[in-house]
Each structure stands twice: as C-alpha cells, then as structure tokens.
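Chemist: Model the following, please.
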Amino acid sequence: VKIQAIQRGKKARKEQEELFRVHAAFKKFDTDKSGSLEIPELYDVLKEVGVDLDRDTFDEYAEALMEDYDEDDSGTLDFREFHKFYNQVLANENTKAEYAKELESAVSGLVSGAISNLYKQEEEEEMNAAALKIQAVHRGKKVRKDLQEQKEMEAAALKIQAVHRGKQTRQSVDKTRRVKAAFDAFDADGSGELEVDELREVMAHLGLELTKGEFDHYAAALMEDYDADNSGSLDFWEFEKFYEQCLASDDLRAAYASELDAAVKGVVSGALSNILEQHEMENAALKIQAVHRGKQARKELQEQREMEAAAVKIQAVHRGKMARKSLVQPPPRASEAPPTPIPAAMSEEEKLSAAAVKIQAIQ
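Modeler: Below is the predicted model of the structure:
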C-alpha cells in the first residue's frame, strides 16, 4: 500500500507539472486573455510548431489546424481543445516537426490541387483538340475516363475523412456532455468547483457507504490523487480526469473504490499499530519496574533476617558467659565483703549488650 501511495504521488506530481506547462503555453498564446484562442492568435502557435508560413498562406494553415482540433466548431480553441493539441503536437520537438510536415502536406495539397485542376483542364482541352485533330477518339475517351475515376476516388476519400472527423467530434461532444452533467449533479452549491463536503455523493456513486470519520480519510485520499493544483477543491478539468479514470464504467468505479479502501485502511492500521506498540512498551516498562521492586524487597528481607540472626547469636554468647561465670565463682562468706567486680570483664559484657540493643534498634 505504501508503494502504491508513492506511485500515485509521483503520478499526481507529474500530471500537475504537465498541467502547469499547458496552462503557461495557453496563457502565452491567449494574448487578449479571452480564455480561448481566436484565428489571429494561431499565427504564433503555427510559428511555435515550426511551420514556414507568411500572411498569404496563414489562412490555409489556420483552417487546417482548426479542422483538426476545433471539436465544437466554435471557431476558437478553448483550453480543453488546446490541451489535446498540446499533448499531441507541442509536447516535444518530434511531434512538432511531424505535425508541421502534415500541415504543409495538407495545405500544399489544396493549393497544388487547384493549380493542377487548371493544368488538367487545359491539358484536357489540348488533348481533346489533339484527339479531334488526329481522330484518336479512343484515346480521348480513356483519358476522360481515367480523369473521372481519379476525381471520384478523391471525392470518396474526402467524404470518408469528413465522416470520420464527424464521428470523432460527436463522440468527444457526447463525452463532454456526460462529464458536465455529472459535475453539475455533484456541484450542489453551483460554485463551479467540488468542495470536500460535496465529495460524499461522489463516494456514494463509487459504492462507498461511509461514516463521518471514515469519509474524512477517503476524501483526503481522493483529493491527494486528483487535486492537481492543491486548491482544496476539484475544478471541472480535474473532475473530467477523475471521471474518465474512475466513474466512466462500473469496472472503473469498483477498481477505484478498492484502491481507496486499501489506501485508507493502510493509514488507519498504521495509526493503530503505533498505539499498540506504545501500550506494549508501557507494559514492558511496568513489568521491569515490578521485577526490580521484587528484587529490592527480597534483598531487604534477607538483610533483616541476617541482622536478626546476628542479634540472637550475640545474646546467646552473652548469656553463656554469664552462666559460666556464676558456676566458677564461689559464694561469698558472711564475714567477707562481696567481691569487687572486675572492670575489664564488665566492660566486655556491656559491649555485647550494647551491640545487641543497637542491632534491635536498627531493625
């Protein structure tokens, strides 16, 4: 999903850069800022293509270009028609050179065809005269027959080309009407742009029934894919691209709905994963603290037991010495005074007693 998101981002940036280039070219040629290119403005366009023309031949070249790209027969090129012309002709030097040759061939064919007709007419008259003169009736008939067949073939070719161009124009007009009808249906406030709130109907058309929280994620993903100028809304040209790639058929709608699902769920699951990882880290920290506290408690308990054992041992030693002393020393006579206590022995006993008391006080 991350790779798909990166690819969509690259594709969107590439298309956005291309759209900026087309806008810049259109503004350069639209000298009167009317929003469409009129016939006089095509002079610079033809120069850009690389056509070698002068004011005498300009009309023929301009007429040939308009015949190729003026789909609605308005007599001008709007931005959508110019966009198609740019992609097919002005995008690089090779396409410019090829189209220049095509235009020159078409225009020279028209001019030479007119001159050829004059020559043929004179030739026919001369041949007819010669035929009459030399009484070559058969040869004259064959020449006229060949000429007639050639004219019929040329007329048929022109008719086929006209029918083909007519079909293409009708198909393009029909497609534009369908896209415009869909755009107007979604543009509830009639602003000429689709704001984020108006994308809810678009999502429903894709077959996505979303909650408020889900809708925000899905709308953000769609705008990332098709809001080429980062305006926060979809204008008609951005919507037209979205329509052709996502809404034109049931298969396209289903495919893009699945792609949105995958992209949005990837973002949400990533957020949940971060939360779970954070909880796991917190639980691990608490567990480590508990283990540390347990070790500390066991250590303190062991020290307390050792100190109690030492105190008991000292008291036992003290009691043993007192008992031995009482057994060894005889009782004093009545006429004798009680024996004088030995300072050194008493001092040692006092030390033992003081140590025991001190240990108990520490506990």
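
Chemist: Can you name the next helix or strand after the host helix or strand of Q171?
Modeler: Here Q171, judged by DSSP states H and E, is contained in helix 137-186. On the C-terminal side of helix 137-186, the nearest following helix or strand under DSSP H and E is helix 199-205.

Chemist: buried sites along that next one?
Modeler: Across helix 199-205, burial judged by 16 or more other Cβ atoms under 10 Å covers L199, R200, V202, M203, H205. C-betas here are computed from N, CA, C, even on glycine.

Chemist: by contact count, what packs against that helix?
Modeler: Helix 199-205 sits against helix 137-186, helix 212-226, with contacts defined as 3 or more Cβ pairs under 8 Å, 6 or more residues apart in numbering; DSSP states H and E.

Chemist: Just say which of these is most tucked in.
Modeler: Highest mean neighbour count of the helices and strands packed on helix 199-205: helix 212-226, a mean of 17 (counted as mean count of other Cβ atoms under 10 Å).

Chemist: re earlier: now the helix holding Q171, how far from the centre of its chain.
Modeler: Chain-centre distance of helix 137-186: 42 Å, with Cα atoms, centre = their mean, to the nearest Å.

Chemist: With stretch 294-307 instead?
Modeler: Worked out by Cα atoms, centre = their mean, stretch 294-307 lies 62 Å from the chain centre.

Chemist: With stretch 243-254 instead?
Modeler: Offset of stretch 243-254 from its chain centre (Cα atoms, centre = their mean): 18 Å.

Chemist: Tell me the spacing between the closest residue to E48 other than its chain neighbours and L327.
Modeler: Nearest residue to E48, sequence neighbours excluded (Cβ to Cβ, 6 or more residues apart in numbering): L90, at 6.6 Å. Distance, L90 to L327, by Cβ to Cβ, to the nearest Å: 126 Å.

Chemist: Show me which of those two is the more surrounded one.
Modeler: L90 (19 against 6; other Cβ atoms under 10 Å).

Chemist: those helices in this protein, which residues are they?
Modeler: Taking DSSP state H as the criterion, the chain carries its helices at 2-29, 42-49, 55-69, 79-85, 93-134, 137-186, 199-205, 212-226, 236-242, 250-328, 343-362.

Chemist: Dump the ones you listed into a markdown table; add mean pLDDT as well.
Modeler: Formatted as a markdown table, those follow (pLDDT from 0 to 100):
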| stretch | mean pLDDT |
| --- | --- |
| helix 2-29 | 86 |
| helix 42-49 | 89 |
| helix 55-69 | 88 |
| helix 79-85 | 94 |
| helix 93-134 | 71 |
| helix 137-186 | 84 |
| helix 199-205 | 93 |
| helix 212-226 | 92 |
| helix 236-242 | 95 |
| helix 250-328 | 80 |
| helix 343-362 | 66 |
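
Chemist: Out of those, the one nearest G192 is which?
Modeler: Of all the helices of the chain, the one in closest proximity to G192, counting by Cβ to Cβ, is helix 236-242 (7.2 Å).

Chemist: which helices and strands sit right next to the closest one?
Modeler: helix 79-85, helix 137-186, helix 212-226.
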